[in-house]
Structures are given as structure tokens and as C-alpha cells.
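Enquirer: sequence unknown, structure follows:
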């Protein structure tokens, strides 16, 4: 096909067939000239550098090398970076912005499974599912018709920290359920919260007024250890902290201390550090549910990220603007 711009994959090579299964890869190749067997995990390989010199569109993903001045000098024709994942902070540099290169991200697509995972954990935690499971495993029986005190989602108070893409999608998913949802976010005003259909609370008030607190803020210098010992102490006894955002939002030393008292519980899909050391107490505490960064796109969900890139490539081919362009002005306070 003539006049297709040269493109290059820059990511961990094993992810390419998951992001772009055969049918999707063919759709992508209708818009760009790309070799799926050539994947840049750095920009020093001679074959990569030869293609990079002709590349107009870089298709990136997890494991993309940093796009600093040297890499960009080797790609004088580059005009767009289409990222088949969420955050671009790990590889985008000021040099790229200075050259006016457009950047797109599949963060909106990656938000969907995270919000779905969080919804599931909220409903399961509200039913005290994990503690009941453990008791059943220990006892191997249960009294027929037994009532579980404190379990249930009727009127359960859920506090959402961060009106990010994930936070907003979660609020939508929570709407049909019989829950009382509130929001804390310093960048949202009352009018915007009203449009989202939730009351806006200061963070400390939200923590003290919620049965379940779920974190969806970005990791920035301002949000590091946002949830510290003092704020953990605000959470009511029996409440649950869910973190699917970034581990560093929570002071893990303080969290472990609070969890050891048995006063609160936690569902942690992200930790600090990540992965945890094998001797971390979090593996053994009975009131902790740990999953290995599972909430984001996995398995067949990866193709949804690839589809976002294919659609963006199609927009470039017709001269339309990118639908999921990254806004540099808000990048520092987003994921």
C-alpha cells in the first residue's frame, strides 16, 4: 500500500502480539508501514536505527526506551507517539515536547478494567467476603442460615479519592448500586462534583465518613504518602482501604502498623515497593488481600489498548486530530 507512513514498535517485544493480535495488526498495517518482528527495546541496534531514521509514528508500550535528545535526533521524521498503555511519564521527555511531537495514550482504555476490578472489590469487601471465605476454609462448615453481622452493601459508604479517568469511570459503575458515594479531589469544584453526581468532601472528612476508601489519585511529589498514619487513624473501625493506583500513595510502614491491630482491612493491587520483598508482613496479615498489579489491562484486555492505537493511527491517516492526545499542561498532576 503506497504512502503509508513508516512506523516502529518500541516496547517489550513479547507484548506486541497481545496488544496487536493478527486481525488488529492487519488493521494497523492498513494505516502504517510496520514490521511486527522489529521491536525497539533500545535505540542502539543498527537495524532499529535504520528504521528509526525513517519513522514518522512510534508505537510504544510498557518497556519503551526513554525518548531523550539522542533518540529523537535519530528520528528526524518523527511526528507522533501512540502509546498502547497508560502513563507516558516514564519515557516522554521535555525534548519531545520541544520538537512539537504529538503524543497519544490508551489511558482511557486502561481505566476500564481498573474501575471494573475496583467495583468488584468494593462489593466483595462490603459483603465481608474475604474474612468469611477464610473462616469457611478453617471450619469446613457453617451454620445453615447464619447471619454475618456487619456484612452487606445496603447504604455502604464509599469514598473515592481522585477524579481521574479511573475514578470517574468507577463513579459511573457504582451508580446503579445501593451505595453512598463521595469524592475527594483538590482539582474538582462543587459544580463538577454535582455533574458527577457525588458530594465533594475534604480528604480527611471523606476518610472519617467512609466504610470503604478507594484510591485513584496519581503519584506525584504532593501525593506521596497521601495516606499516612494520621489519615489511616481517621478511618472508622471495620473500614477497608483499596489501592489500585500507586503504592507510594500510602505510607506502608504506617499501613502495616494499622493493619496489625486488626482495626481496618486493605485490598492492595499496588504496593511500595513493587514487587514486595518476600518477607513483607503484608503477605501474611489475614486482613489483607494482595493481588499482583492485576487491575490494569490483562490477557484479552490488552487488545483494547491496541485498538485505541489503531484508531488513533486511522485519525492521523485522515488528518483528524488525536482523540486521546496527552495534554502536557496537566501531565504533572495526572497518572
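Expert: Okay, I see it. Just so it is clear, the model here is predicted, and its values are computed rather than measured.

Enquirer: what about residue 172, distance to residue 166?
Expert: Per C-beta to C-beta, to the nearest Å, residue 172 is found 11 Å from residue 166. Every residue, glycine included, has its C-beta placed from N, CA and C.

Enquirer: what touches both of these two?
Expert: Taking C-beta atoms under 8 Å, 6 or more residues apart in numbering as the contact criterion, the residues that touch both residue 172 and residue 166 are residue 115.

Enquirer: Comparing these two, which residue is more hemmed in?
Expert: Between residue 172 and residue 166, counting by other C-beta atoms under 10 Å, residue 166 is the more crowded of the two (31 against 12).

Enquirer: Settle this for me: that one is touching residue 246, isn't it.
Expert: No - with contact defined as C-beta atoms under 8 Å, residue 166 does not reach residue 246; the gap is 11.5 Å.

Enquirer: Report the separation between residue 64 and residue 211.
Expert: From residue 64 across to residue 211, the span is 40 Å (C-beta to C-beta).

Enquirer: er, residue 309 actually
Expert: From residue 309 to residue 211 the distance is 39 Å (C-beta to C-beta).

Enquirer: Compare these two (neighbour count), which wins?
Expert: Applying other C-beta under 10 Å to residue 309 and residue 211 shows that residue 309 carries more neighbours, namely 29 against 21.

Enquirer: dump the residue contacts of the more buried one.
Expert: By C-beta under 8 Å, 6+ apart, the residues touching residue 309 are 19-20, 28, 59, 82-84, 104, 106.

Enquirer: List the ones among those residues that fall in helices.
Expert: Members of those lying in helices (criterion: DSSP state H): 19, 28.

Enquirer: Considering the contacts of residue 309, which possesses the most neighbours?
Expert: So for these (other C-beta under 10 Å), the most neighbours sit at residue 84, 32 neighbours.

Enquirer: Next, it: phi, psi?
Expert: The phi/psi pair for residue 84 (degrees, to the nearest 10) reads phi -90, psi 50.

Enquirer: OK, contacts around it?
Expert: With contacts defined as C-beta under 8 Å, 6+ apart, residue 84 is in contact with 11, 19-20, 59-61, 106, 305-306, 308-309.

Enquirer: roughly how far apart are the residue nearest to residue 164 when sequence neighbours are not counted and residue 117?
Expert: Closest residue to residue 164 apart from its sequence neighbours, by C-beta to C-beta, 6 or more residues apart in numbering: residue 216 at 4.8 Å. The spacing between residue 216 and residue 117, counted by C-beta to C-beta, is 12 Å.

Enquirer: which residues touch residue 245?
Expert: Residues near residue 245 by C-beta under 8 Å, 6+ apart: 162, 164, 166, 215-219, 270, 335.

Enquirer: all strands for this protein, in order.
Expert: Applying DSSP state E to the chain gives strands spanning 7-10, 39-40, 57-60, 80-83, 102-105, 156-161, 179-184, 212-215, 240-243, 265-268, 288-290.

Enquirer: got TSV for those, with mean pLDDT too?
Expert: Output for these, formatted as TSV (pLDDT from 0 to 100):
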stretch	mean pLDDT
strand 7-10	98
strand 39-40	96
strand 57-60	98
strand 80-83	98
strand 102-105	97
strand 156-161	98
strand 179-184	98
strand 212-215	98
strand 240-243	98
strand 265-268	98
strand 288-290	98
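
Enquirer: okay if I get the ones you listed as JSON lines plus distance to residue 125?
Expert: Listed next are the strands of the chain as JSON lines, based on distance: least, C-beta to C-beta, whole Å:
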{"stretch": "strand 7-10", "distance to residue 125": "39"}
{"stretch": "strand 39-40", "distance to residue 125": "40"}
{"stretch": "strand 57-60", "distance to residue 125": "35"}
{"stretch": "strand 80-83", "distance to residue 125": "32"}
{"stretch": "strand 102-105", "distance to residue 125": "30"}
{"stretch": "strand 156-161", "distance to residue 125": "9"}
{"stretch": "strand 179-184", "distance to residue 125": "12"}
{"stretch": "strand 212-215", "distance to residue 125": "6"}
{"stretch": "strand 240-243", "distance to residue 125": "5"}
{"stretch": "strand 265-268", "distance to residue 125": "6"}
{"stretch": "strand 288-290", "distance to residue 125": "8"}
